[in-house]
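Undergrad: using only what follows, build the 3D model:
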Amino acid sequence: MESWRKFKQVFWAVGIPPTFWLVLFFLIPLALIWVFSFGEKQGVVGIDITWTLDNYIRVFNPDILKIFWKSLGVAGLATIICLFVGLPVALGIVYAPNRYKGLLLLLIMLPFWTNLLIRTYALIAVLRQRGFLNFTLEWFDQKIRFMFDLVGLGGLGAAVLGEQFQALELLYNDKAVILGLVYVHLPFMILPLYAALERLDRSYLEASLDLGAGHLRTIWNVVVPLALPGIISGIIITFIPALGSFLTPDLLGGPDSAMIANIIERQFKSANDWPFGSALSFLLMYITFGALALRAVLARNSKDGI
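TA: Residues are numbered from 1 along each chain as shown. Here you go, the predicted model:
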C-alpha cells in the first residue's frame, strides 16, 4: 500500500471535513459538559466554574448510589438475558442455509428501521392492563372455563382459575423495564455473536461431538471459549447503552423504576442543576472508558495466549 505522505493533498482533503465535524459537534460539546461538571450552580441559569469536586462527591449520596447500583443491576440483568437469548439465535443463523442467512439478519436489524419511541409505545400496547397480552390470556381463560363447564366441572374450573380473570400488572415496574431493555438491545448482542461464530472452524465442533460430548457441553467447552471476543464485545455494546437508557425506563417504569439516566435528565431540566447533571453524565463516560479499556486488555491477553 502506498504511503499517505505521497498523496498529502488527497489525504488532507478527505480527512479535514470529518475531523472538523467531529471536533465541532462532538469533542467541543463534550469538553463543555466536562468543564460544567466542575462548576457550581448560580441562580436559575448561571454556572460558575470553580473547579470544585463537590458535584462528584454528591454522587456518593445514598439516594444517588441506590439508583446507580439499581441501574447497574437492571442493565446487567438485561445484558445477561440478551446473552442467553442471543447466543442460540446467533448459532441458529450461522447454521442456517446460506440462502436464508441474509433474510434472518434482516429480521434482526428490522427493528432499527422503526423509531425507538414508536417501538416502546407498541410494547406498551402489548403489556398494558387491557393490552394484547392480557386480552389473549383472558381469551384462553374463557375457553378453558367453557371446557370445564362443558364436562360439568365448572366448580373445579373456578377453583383452579379463580372466580374471575385478573389482568396481570405488566407495566410500570422493574420487570417491564428489563423486558423493554432486552427488546431494544437484543440486536446489539446478536450481531457481534454472529460475527464471532461465523468465523469459527466448524471442525472443532464436529470433533467434540464425535468424541462423545453433548451439544450443551460442546457449546460451553468449545463454542464459548472460541467466541469469547465476540461475547465480550456483545456484552459491552449491550450493557453500556442499557445503563444509559432513558426512554425505556421513563415510559415502561413506574416512580420507583427510575435509572441513572432519568436522574441526569431531571438535573438538566426540572432541577436546572447542570453541574451535577454533567458530573453524573461523565460518571457514565468513565464507566464506558473503563469497559473499553478492559475489553482492550482482554483482547491483548487473548492474543498473547495464542
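Undergrad: can you give me the helices in the stretch 51-200 of the chain?
TA: Remark: helices assigned in the stretch 51-200 of the chain by DSSP state H, counting those that start in this stretch are 54-58, 62-94, 98-109, 116-127, 132-150, 154-161, 174-198.
Undergrad: and of those, who's closest to Met285?
TA: helix 54-58 (12.4 Å; CB to CB). Where C-beta positions appear, they are placed from N, C-alpha and C, glycine not excepted.
Undergrad: how far does that closest one sit from its chain's centre?
TA: 27 Å (CA atoms, centre = their mean, to the nearest Å).
Undergrad: how about stretch 177-186?
TA: Going by CA atoms, centre = their mean, where stretch 177-186 is centred and where its chain is centred differ by 6 Å.
Undergrad: swap in stretch 242-259?
TA: In this view, stretch 242-259 has its centroid 12 Å away from the chain centroid, taken as CA atoms, centre = their mean.
Undergrad: and that stretch, end to end?
TA: In stretch 242-259, first residue to last residue: 10 Å (CA to CA, to the nearest Å).
Undergrad: still on that earlier bit, so which of the helices of the stretch 51-200 of the chain is nearest Ile263?
TA: Ile263 sits nearest to helix 62-94 of all these, at 5.8 Å, using CB to CB.
Undergrad: angle of the closest one against helix 174-198?
TA: Interaxial angle of helix 62-94 relative to helix 174-198 (axes from the mean of the first three to the mean of the last three CA atoms, to 10 degrees): 40 degrees.
Undergrad: now the angle from helix 62-94 to helix 98-109?
TA: Using the same axes, to 10 degrees: helix 62-94 against helix 98-109 is 160 degrees.
Undergrad: export the helices of the stretch 51-200 of the chain to CSV and tack on mean pLDDT?
TA: Output for the helices of the stretch 51-200 of the chain, formatted as CSV (pLDDT from 0 to 100):
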stretch, mean pLDDT
helix 54-58, 90
helix 62-94, 92
helix 98-109, 90
helix 116-127, 91
helix 132-150, 84
helix 154-161, 71
helix 174-198, 92
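Undergrad: out of those helices, deepest packed?
TA: helix 174-198 (a mean of 22; mean count of other CB atoms under 10 Å).
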